[in-house]
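K.L.:
Kindly generate the corresponding structure for this input.
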Amino acid sequence: MISIKQTPPKPKNDDYARLANYIADASRKGEKCLASWSAGCLAGDDYQLGISEVLATQACNERTKKEKTYHLVVSFRPEDEEKLTFQDYKDIEERFAEILGFEQHQRHCGVHIDTANPHLHVAYNMIHPEKKTRLEPFRDYWKRDDLCRKLEKEYGVSVDPGRAHRKEFMHYLSTQKENYLPAVKAARTWEHVHAAMAESGLKLVCKDHVHITPLNSEMKGCRIAGQEIHASLNKSELIQRFGSYKKKEKFYEPKSEFTPVLQEKKNDRAEAIEAYTGEESFVGYLQRHKDIIDKARITVNSWEEFQKTLQAELNVTVKLRGRGTVFADLTKVKGKKSTQHAKVSDLGRDYSRQKLEQQFGKIQPLPFGSFVKPKRQYHRDPLHRHPERWKLMKEYKAGIDKRKGLFDLQKEQRQKKMQELRLKWNVKIKKYKIDSRLSWKEKRYLVSAAKAEQLRHEEELRSKFAEERKNIKEEVPYSNWNDFLRQKAEAGSVVALAILQSSKQQSKSTFKERKVEKLLEGMTYAVDNEGNITYTLKDGGKVVDYGKEIIASKGDEARKFAEKLRGRRFGRKEQGRGM
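P.N.:
Next up is the predicted model:
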C-alpha cells in the first residue's frame, strides 16, 4: 500500500468540482469506478449536492492565495482487491482523514479499478466548513507512511518495500562516505560535487534542502537529506562555498551503484498496457523468454556473439538509447522499423549496462548486414488463453484492419481536401494583394475578410471529417482486444466472457461456468476488461460477479439476486461480501 499526494495545480486552476466528478467517473457513467461516496457534507449521500456545498464553503474564504483542494491517492496491489470490502475502503479513508486533520472537513471519495492496481481517490476540501480557515497538513508524508505500515498489518494487504529500500540506501550512503566526502570537501564548484557523487552512483538535487538520490531512475523514490549524512552536505554551507545551486552539466560513469536486496520493481507501464489492451507488451515478451537471454549471456564471450544469438532466437538487439541501454525489436511492420524497446534492467539486476560491459566490454551495436531469419519475433498476441480464442481473434483482426483502412483513407482525403481549400484561398488573397485597382484600405479589408472566410471553410471541413471519424468508430466500436471481448461478452458471448476471465487467478476449487442470464426484469449489466460483471438493478442496487466471488450492495433486491446468482453459478449457497 502506498499513498501519494498529487501535485496541486496553480490556485487559478484549482477545480474541486472537476476532480470530484473525475473520482466518480461521471463522464463515463462510472465504468472504472467500483464505488463513490461523500463524507462530512450536510447533503449526506447526495454526491452532486455535496460538491455544490464544498464550492460554497471554498468561496467563503477569499483570503488564501493557495490551492483549496488536497488530492490523495492510496494504491493497493492487484492481489489486495479480493481482501478489501467497500466498508474497508471507507474505514481506510477515515483513518487518513484523521491523521491529516481532515476528519471534520468535506471530501469526495471513489475506488477506481481501471488499472492493474486498485486505488482510492480522495478530494479533501482544505477549507473548514465552520471556521472557514484553510488547513495544510504538516509533515504529511511521514504521517501517511506510518499509517500505511499500520494498515498493511491490520488488513493483511501486501507490504510496500519503499521504507526498507530507504534504510538500505541509508546504509549504502554510510558505507560510501569515504569515497565521496573527501572529494566534496575538496571541491571548488557545484560540478565538482556532482562528479564526486556520480562516481558512487549518487545524484544531488536541491530544492528546500539538498537531497541525495540514486542515479538509477528506478530507485528515485529513495531520497536522503544531505545534512543527515554530514554537515558538509548542508544546503546553506554548500551555497556559501559555491554560490547558488547549479545542475549537473556532464555525464559521469559511476564506479558503483545502489542496488536494493529486496525484490525488484516491476515495470508498471508495461503492466498497465497489458491490463488495458489484453495484449502482450514487449517487456512481457522479453520476460517470457528470459531463460533464452540468460543462457546466451552465460555461454557467450563477446558482444558480437551475444547480439547474434539475440537476433537469431528473439529478433531483438541491444543498443544505446540516450544515456541508457535498451533491448530493441528488429521486427519490421509493412517495411517500417519497429519502435518497441525496453530497458535492459527490466530483466533484473544482472542486466544493468555496467554489469554487461564488465562481462563483454564496451557495448557494440549489431553489425550492419548480419541478418538471419529469427526463430521467433514479437507480436502483440493476446494474453488470454482459451481453446476457441482464435475464432474471435480472426474476427477482431478483420475489424481492426477495416477500421485502420477506413481511418487511413479518410486521413488521405482530409489532407487532399485541405490542401485544395488552402490553395484556392491563397490564390484569392494573392489576387487581392496585387490588384492595382484597389486602395490599400480596400486590400486590407478584403484580405482580412478572405482569411476569416478561409478559416470558416476549414472549420466546416474539419467538422465534416470529425463526423466521418465518429461514424467509423461506431461501425467498428473497439480499438483493442480487451474492448472487443468486453463488447462481445455484453452481447451475450459466453466464449468471450470465458476468455476475459481466463487471465484472472482461479481458486483451487473450480466451478462449472454457466451461461449469463437475466434473472430480474429491468436489470442491466456491464462487463469490464477482466471479465467482472456488474449488474445494476431497477432500484439502483449493484451486484458484482468476480468469477469466484459475488459481492452485493446494501438492499434486499441486490441480496436476493446475489443469492440466486450464487446458486446458479456455484450450485450451492455461499456467504458473499457486502459492498
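
K.L.:
okay, now Leu204: neighbour count?
P.N.:
When counting by other CB atoms under 10 Å, one arrives at 21 neighbours for Leu204. (Glycine included, C-beta is placed from N, CA and C.)

K.L.:
what does the helix or strand containing it contact?
P.N.:
Assigned by DSSP states H and E, Leu204 belongs to strand 202-206. Outside strand 202-206, the residues that touch it by CB atoms under 8 Å, 6 or more residues apart in numbering are 173, 176, 180, 193-194, 197, 210-215, 223, 226, 235, 245, 248, 258.

K.L.:
how distant is that strand from the center of its chain?
P.N.:
Relative to its chain's centre, strand 202-206 lies at 26 Å (CA atoms, centre = their mean, to the nearest Å).

K.L.:
ok, back up a step: buried members of the contacts of strand 202-206 into ChimeraX, please.
P.N.:
Restricted to buried positions by 16 or more other CB atoms under 10 Å, the ChimeraX selection for the contacts of strand 202-206 reads:
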select :173,176,180,193,194,197,210,211,212,213,214,215,226,235,248,258
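
K.L.:
Show me the contacts of strand 202-206 that map onto helices.
P.N.:
Using DSSP state H, the members of the contacts of strand 202-206 that fall within helices are Leu173, Tyr180, Val193, His194, Met197, Gly226, Lys235.

K.L.:
Of those residues, which is the nearest to Asp556?
P.N.:
Using CB to CB, Leu173 is the member of the ones in helices among the contacts of strand 202-206 that sits closest to Asp556, with 60.4 Å.

K.L.:
Can you verify my assumption that that closest one contacts Ile224?
P.N.:
Yes: counting by CB atoms under 8 Å, Leu173 touches Ile224, with 6.1 Å between them.

K.L.:
Mind listing the shared neighbours of those two?
P.N.:
By the contact definition CB under 8 Å, 6+ apart, Leu173 and Ile224 are jointly contacted by Ile212.

K.L.:
got the contact list for stretch 226-244?
P.N.:
170, 173-174, 177, 181, 184-185, 187-190, 193, 204, 206, 208-212, 245.

K.L.:
let's see 10 Å
P.N.:
With contact meaning CB atoms under 10 Å, 6 or more residues apart in numbering, stretch 226-244 is reached by 170, 173-174, 176-177, 180-181, 184-185, 187-193, 197, 204-212, 224-225, 245.

K.L.:
give me every residue that touches the nearest residue to Asp381 once chain neighbours are set aside.
P.N.:
The shortest distance from Asp381 to any non-neighbouring residue, by CB to CB, 6 or more residues apart in numbering, is to Glu280 (5.3 Å). By CB under 10 Å, 6+ apart, the contact list for Glu280 reads Ala270, Ile273, Glu274, Gln287, Arg288, Tyr378, His379, Arg380, Asp381, Pro382, Leu383.

K.L.:
And those residues, which two are furthest apart?
P.N.:
Using CB to CB, these span at most 16.7 Å, a distance reached by Gln287 and Pro382.

K.L.:
ok, these two, which is more surrounded?
P.N.:
More neighbours surround Pro382 than the other of Gln287 and Pro382, with 23 against 18 (other CB under 10 Å).

K.L.:
any idea how far the more buried one is from Ala496?
P.N.:
In this view, Pro382 and Ala496 are 12 Å apart by CB to CB, to the nearest Å.

K.L.:
Now list whatever residues contact both of these two.
P.N.:
Residues touching both Pro382 and Ala496 (CB under 10 Å, 6+ apart) are Arg389, Leu392, Tyr396, Phe484, Leu485.

K.L.:
Okay, now the unreliable bits of the stretch 151-300 of the chain?
P.N.:
Within the stretch 151-300 of the chain, the stretches with pLDDT under 70 are 161-164, 216-221, 261-269, 271-278.

K.L.:
re the thing from before, what residues of the strand holding Leu204 count as buried?
P.N.:
By 16+ other CB under 10 Å, the buried positions in strand 202-206 come out as Leu202, Lys203, Leu204, Cys206.

K.L.:
what's the spacing between the host helix or strand of Leu500 and its chain's center?
P.N.:
Assessed by DSSP H and E, Leu500 sits inside helix 494-501. The chain centroid and the centroid of helix 494-501 are separated by 25 Å, computed with CA atoms, centre = their mean.

K.L.:
Repeat that for stretch 173-183.
P.N.:
On CA atoms, centre = their mean, the centre of stretch 173-183 falls 37 Å from the chain's centre.

K.L.:
Same question for it: list its buried residues.
P.N.:
Leu173, Gln176, Tyr180, Leu181.
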